[in-house]
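S.K.: Make a model of this:
(one chain, ligands or ions: 1)
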Amino acid sequence: MKPSLEWQIATVKAIKPENARVKTFTLALPHWSEHRPGQHYDVRLVAPDGYQAQRSYSIASEPERSGEIDLTVELLEDGEVSSYMHEVLTVGDQIEVRGPIGGYFVWEATMGGPLLLVAGGSGVAPLMSMLRHRAAAGSRIPARLLYSSRTPGHVIYADELERLQNAGDGLEIFHTFTRQAPEGWAGYARRIDNQMLSEVSAPLGKLALTYVCGPTLLVEAVANELVQIGMAPNLIRTERFGPTGDIV
Ligand SMILES: Cc1cc2nc3c(=O)[nH]c(=O)nc-3n(C[C@H](O)[C@H](O)[C@H](O)COP(=O)(O)OP(=O)(O)OC[C@H]3O[C@@H](n4cnc5c(N)ncnc54)[C@H](O)[C@@H]3O)c2cc1C
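M.R.: I've put the predicted structure just below:
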């Protein structure tokens with residue numbers, strides 16, 4: 001086993017509420033190794049009686065930040081690991097993790113572009129790692145993020161996304177709200193569909209490197225729609241967030 005895939009004990013350095021149901025956990029790692037944006041870590045909880053639960057969480061931070069990673073976790077109703085992290089874990093606590101894991105759903109500035117990112121809910125986490133990396137690397141590769149949220153209150157990283165877009169380095173962000181849009185909203189207010197994907201992707205062309213992440217149903221629907229509108233299927237990469245629920 002590669003050293004990075006051995007379990008290590010991370011220390012919770014900071015916990016940041018992103019919205020009512022999402023928190024970002026900054027973990028300091030004794031054996032940090034540089035990740036590729038899009039990769040994830042496994043988190044393992046072990047009860048005193050030996051019972052274990054293990055889940056995957058995407059790295060939201062950029063690889064340029066050494067020694068620590070951010071994991072952005074959505075609290076799920078009755079969720080075993082997410083509720084432990086939200087309700088029990090505090091700054092200074094220790095938690096078992098291993099990673100970085102995954103070599104398919106990754107993007108680095110050296111891979112070029114243009115870059116089309118499509119997120120649903122907390123699926124924005126690995127795409128945020130890509131965007132933070134893009135900014136840290138000084139890349140001006142044209143990039144567009146289409147981000148579906150229930151309401152504006154559900155948007156994760158709202159301020160930072162706006163700042164990244166305002167940097168004027170070729171990143172454009174499109175929100176769509178599926179339940180409730182802000183007063184006077186002129187943008188998208190429906191589920192992602194062919195027309196929306198066509199409009200957002202058009203300036204990037206059919207050969208954009210495309211990354212789709214979120215709940216399984218959203219990812220499958222969007223991947224099909226991307227193929228229907230003529231995006232190159234071999235350039236579309238997907239990451240499904242769940243449900244997983246595997247007990248080890
Ligand atoms: C590669 C990968 C990366 C991931 N990255 C992230 C991440 O960055 N942030 C994040 O919040 N999650 C992420 N997930 C999902 C995460 O691994 C867990 O599945 C999720 O946190 C639920 O675990 P739990 O123990 O809290 O809930 P469980 O106890 O497993 O499940 C509780 C209930 O929620 C349902 N459920 C489980 N997972 C989901 C889901 N994703 N959406 C809706 N319902 C679900 C179950 O069917 C069950 O009814 C990722 C998954 C994968 C495979």
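S.K.: who does the longest strand anywhere in the chain pair up with?
M.R.: Ranked by residue count, the top strand of the chain under DSSP state E comes out as strand 8-19. Here strand 8-19 has these sheet partners by DSSP bridges: strand 22-28 (antiparallel), strand 94-101 (antiparallel).
S.K.: Now render those as a markdown table, adding distance to the ligand.
M.R.: The C-beta positions use only the backbone N, C-alpha and C, and glycine is treated the same way. Output for those, formatted as a markdown table (distance: least, CB to the nearest ligand atom, whole Å):
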| stretch | distance to the ligand |
| --- | --- |
| strand 22-28 | 7 |
| strand 94-101 | 8 |
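S.K.: Could you identify which of the ones you listed is most buried?
M.R.: Most buried of the strands paired with strand 8-19, by mean neighbour count (mean count of other CB atoms under 10 Å): strand 22-28, with a mean of 20.
S.K.: what's the closest of the strands paired with strand 8-19 to Tyr41?
M.R.: strand 94-101 (3.4 Å; CB to CB).
S.K.: what comes into contact with that closest one?
M.R.: Strand 94-101 is contacted from outside by 4-12, 27, 29, 33, 35-36, 39-46, 56, 59, 69, 85, 89, using CB atoms under 8 Å, 6 or more residues apart in numbering.
S.K.: Inside strands: which ones of those?
M.R.: Reading strands off the contacts of strand 94-101 with DSSP E, I get 8-12, 27, 40-46, 56, 69.
S.K.: residues near the residue nearest to Ser83 when sequence neighbours are not counted, how many?
M.R.: In space, and not counting its chain neighbours, Ser83 is closest to Leu75: 6.2 Å by CB to CB, 6 or more residues apart in numbering. Other residues lying near Leu75 total 15 when counted by other CB atoms under 10 Å.
S.K.: hmm, back to that, just the buried ones from the contacts of strand 94-101?
M.R.: Buried members of the contacts of strand 94-101, counted by 16 or more other CB atoms under 10 Å: 4, 8, 10, 12, 27, 29, 35-36, 39-43, 45, 56, 59, 69, 85, 89.
S.K.: and this protein, which of its residues are near the ligand?
M.R.: 40, 55-58, 72-74, 76, 78-83, 122, 125, 215, 239, 241-245 (CB under 6 Å from any ligand atom).
S.K.: Go ahead and confirm Gly123 touches Thr216.
M.R.: No. In this structure, Gly123 is not within contact of Thr216 by CB atoms under 8 Å, at 10.1 Å.
S.K.: Comparing these two, which shows the higher neighbour count?
M.R.: Neighbour count, other CB under 10 Å: between Gly123 and Thr216, Gly123 has more, with 27 against 14.
S.K.: Do a quick rundown of the strands in the chain.
M.R.: Using DSSP E, the strands of the chain run over 8-19, 22-28, 40-46, 52-58, 68-74, 94-101, 115-120, 143-149, 171-177, 209-214, 236-240.
S.K.: returning to what we had before: what sits up against the longest strand of the chain?
M.R.: Contacts to strand 8-19, defined as CB under 8 Å, 6+ apart, come from residues 23-31, 68, 72, 89-98, 153-157.
S.K.: cool, and stretch 35-43?
M.R.: With CB under 8 Å, 6+ apart, stretch 35-43 has contacts from 54-59, 62-63, 69, 71, 81, 85, 95-103, 105-108, 126-127, 129-130, 132-133, 211, 239.
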